[in-house]
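K.L.:
Build me a model from this:
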Amino acid sequence: MSDLQKLTKLITKFRDTRDWKQFHNPKDMALSLVLEATEVMEHFQWKNLEEIKNHISKHKKEIGEELADVLYWILLMSHDMNIDINKSLERKLVVANKKYPVEKAKGNHKKYTEF
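P.N.:
The predicted model follows:
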């Protein structure tokens, strides 16, 4: 069993023990995912690079908790929709490698349509 499978098992047990699945339709889970992602973003809003570095050093635990909340919803959504997130990511990386070949993309922040 992979680490992601173990985490998914823990997440679904947590959710199902509380009988929350009844509230977890794809729309509301997607909204929760976005809301948690914005909580990650709040850590960096209005900060310059130096302030960001300082904030990370002082708030790594809190940032990690917000990232964990994002992962929670990703794993739960992929579980409930029977999506193999590992395979989805692998397929996505194959596509990204074609869009962003190293010889064109290395050190370049442009979108693939601008190459």
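
K.L.:
From Glu66, how far off is Ser88?
P.N.:
Applying CB to CB, to the nearest Å, the value for Ser88 to Glu66 is 23 Å. (C-beta placed from N, C-alpha, C; glycine too.)

K.L.:
ok, these two, which is more surrounded?
P.N.:
Shown here are Ser88 and Glu66; by other CB atoms under 10 Å, Glu66 has more neighbours (18 against 11).

K.L.:
That one contacts Leu33, correct?
P.N.:
No - in this structure, Glu66 is not within contact of Leu33 by CB atoms under 8 Å, at 11.9 Å.

K.L.:
Ser57: what secondary structure?
P.N.:
Under DSSP: H, G, I helix; E, B strand; the rest coil, Ser57 falls in the helix class.

K.L.:
tell me which element Ser32 is part of?
P.N.:
Here Ser32, judged by DSSP states H and E, is contained in helix 26-42.

K.L.:
what packs against that helix?
P.N.:
Packed against helix 26-42, as judged by 3 or more CB pairs under 8 Å, 6 or more residues apart in numbering; DSSP states H and E, are the following elements: helix 49-80.

K.L.:
Mind listing what's buried along the helix it packs on?
P.N.:
By neighbour count on 16 or more other CB atoms under 10 Å, the buried set for helix 49-80 is Ile63, Glu66, Asp69, Val70, Tyr72, Trp73, Ile74, Leu75, Leu76, Met77, Ser78, His79.
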